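J.: quick one: sequence and predicted model below, then my questions.
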Amino acid sequence: MAVRFVIIGGGPAGVQAATHAARLGADVTMIERDLVGGAANLWDCIPSKAMIATGGVMSASRRAHAMGLRPIDPALDFDSLHQRINDIQSGLTESLVELLDSQGVRLLAGTGTFKGAHEVVADVEGKTLEVEADAVLVSTGSRPRIPEWADVDGERVLTTRQAYPPPELPSHLVVIGSGVTGVEFVHMFSSFGSDVTLIVSRQQVLPQKDPEVAAVLEDNFLKRGVRLFKGARAVGIVREGDEVTVNCDDGRAGRGSHALLAIGSIPNTEELGLEAAGVQVDAGGYVPINQHCQSNVGHVYAAGDVSGRLPLASVAFMQGRKVAEHVMGLHTREHRHLDYDKAASAIFTEPEIADVGLAEADAFAIGRKIRVTKVPFAVNARALIDGDARGFVKIVSDPATGVVLGGSIVGHGASELISVLALAVTANLKVTDIVESLLVHPALAEALADAAE
Ligand SMILES: Cc1cc2nc3c(=O)[nH]c(=O)nc-3n(C[C@H](O)[C@H](O)[C@H](O)COP(=O)(O)OP(=O)(O)OC[C@H]3O[C@@H](n4cnc5c(N)ncnc54)[C@H](O)[C@@H]3O)c2cc1C
């Protein structure tokens, strides 16, 4: 009899696990209470990048004179922007549903909860269906964290989920939180023409990132007139009529027309009945996992944001894939473990920021000898042709072997270019492998070969 695999939550982790396991011969049931594609498609990755792409066209138009054009000043059309986001989302959802269907995955549109270690209940349109499982994946994702001092009203005090697009274009947006999500929203709304204030709890935006990389972004924000409140923690939001004031612990106050919370997320695990299956969660509500994404109960897996590892759709996809292989017993000695330290990530600001593997600062912190080489895009022909030569490529390698250990890219196209370094890091390629690749000319990727030299 085929392995009965039940998946609760149809975001990136769930969809990837379902299609891969079905391909490998499992009998797969997926329970999704909202839309297949998950928060990634509905609220997070897709709408945010769609809005950033629109903002990118607006800011490129403002630089039209640099491309030999007369200045253009496009205005935002909220209705067509909304339509554009809906079209992209529904197109992606439809193709995922078709994919699941073509693989024979049974899709139950409802809420899933555990009844026992091997029994999952799906609440579908008021009817209760009980599904027996040999293996279960919890891939229920996460939702924005709302602190007790914030009264979110969906009008002027918003979470990221209410900003696609917001009810009206903010004349002045106060963004709380300067991690990846916060800086992307600063970039998005300042491209649209809103004034923006960013509350930065530390002394640097993107506190987890290489200071040199963060400095380029801060510089860009300041040039655009973004106000940075560094070293300030938001402690309260007051709305008076059309004005919103974000009060900080150091006495400063950020005043604007709207405030947006971007201070992290919390896992969707409270209402799953995990205790019925004996599955433990940690103090933050995440399901702790081992290298195979197994929870403390061997046949119950967790993947994606609920696992408390890197909260990225790309990581969720790969975890889902590894879960499917483990469920189907394909885990062998040769099997490649998921190495979270080798995950590439990107920040879709202007310039874009992307990195992978070992960072220069982390190497120094652990006393590891490294070779760091850096090339600015200002000497790259394609960057000059494209009219955007901001930023640089930095490659970190092992001085003894030449193996690529990591790298950072700041600049136009960084989110695509980082794939080359991600491949190099995953496959233990050497800098000479990059240098000796016959690349296209003129291409931004040539900056990688120059940095690898
Ligand atoms: C603003 C923003 C932008 C982002 N941009 C990017 C990006 O550009 N690139 C990137 O890699 N990552 C990005 N992320 C992170 C990314 O969105 C998440 O890491 C990813 O969505 C996690 O996928 P998941 O499979 O864990 O769950 P989700 O995408 O959260 O999906 C979980 C699904 O489970 C369903 N569900 C929950 N409970 C139940 C239940 N009891 N029964 C049935 N169904 C249930 C939900 O309806 C949902 O559809 C972004 C995050 C945010 C907040």
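T.: Arrived safely.
J.: how about whichever residue of the stretch 51-200 of the chain sits closest to the ligand, phi and psi?
T.: The ligand sits closest to residue 141 of the stretch 51-200 of the chain, with a gap of 2.0 Å, by CB to the nearest ligand atom. C-betas here are computed from N, CA, C, even on glycine. Main-chain dihedrals, residue 141, degrees, to the nearest 10: phi 70, psi -160.
J.: and the gap between it and residue 74?
T.: Going from residue 141 to residue 74 by CB to CB, to the nearest Å gives 35 Å.
J.: again with residue 165
T.: 15 Å.
J.: kindly report the same for residue 109.
T.: 40 Å.
J.: contacts only, for the residue of the stretch 51-200 of the chain closest to the ligand.
T.: Going by CB atoms under 8 Å, 6 or more residues apart in numbering, residue 141 touches 9, 11, 13, 38-40, 267-268, 304-306.
J.: one more time with 10 Å, if that's ok
T.: Residue 141 is in contact with 9-14, 34, 38-40, 43-44, 265, 267-269, 304-306, 311, 313, 316, counting by CB atoms under 10 Å, 6 or more residues apart in numbering.
J.: how about residue 51?
T.: 76, 81, 84-85, 163-165, 184-185, 187-189, 191-192, 348.
J.: and it, what element?
T.: Here residue 51 sits within helix 45-62, counting by DSSP states H and E.
J.: the residue lying closest to residue 376 once chain neighbours are set aside: how many residues sit nearby?
T.: Counting by CB to CB, 6 or more residues apart in numbering, residue 376 lies nearest to residue 392, which is 4.6 Å off, once chain neighbours are set aside. By other CB atoms under 10 Å, 22 other residues sit near residue 392.
J.: wouldn't residue 392 be in contact with residue 412 here?
T.: No. With contacts counted by CB atoms under 10 Å, residue 392 stays clear of residue 412, the gap being 11.7 Å.
J.: joint contacts of those two?
T.: Contact criterion CB under 10 Å, 6+ apart; residues shared by residue 392 and residue 412: 351, 377, 380.
J.: would you mind putting these into a markdown table with neighbour count, distance to residue 427 and secondary structure alongside?
T.: What follows is the shared contacts of residue 392 and residue 412, written out as a markdown table (neighbours: other CB atoms under 10 Å; distance: CB to CB, whole Å; DSSP: H, G, I helix; E, B strand; the rest coil):
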| residue | neighbour count | distance to residue 427 | secondary structure |
| --- | --- | --- | --- |
| 351 | 22 | 27 | coil |
| 377 | 24 | 25 | helix |
| 380 | 25 | 25 | coil |
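J.: between the residues you listed, which sits nearest residue 396?
T.: If you rank the shared contacts of residue 392 and residue 412 by distance to residue 396 using CB to CB, residue 377 comes first, at 18.2 Å.
J.: for the closest residue to the closest one other than its chain neighbours, what are its contacts?
T.: Nearest residue to residue 377, sequence neighbours excluded (CB to CB, 6+ apart): residue 383, at 4.0 Å. Contacts for residue 383 (CB under 10 Å, 6+ apart) come out as 376-377, 389-391, 411-413, 442-444, 446-447.
J.: 7 Å - rerun?
T.: Residues in contact with residue 383 (CB atoms under 7 Å, 6 or more residues apart in numbering) are 377, 389, 411-412, 444.
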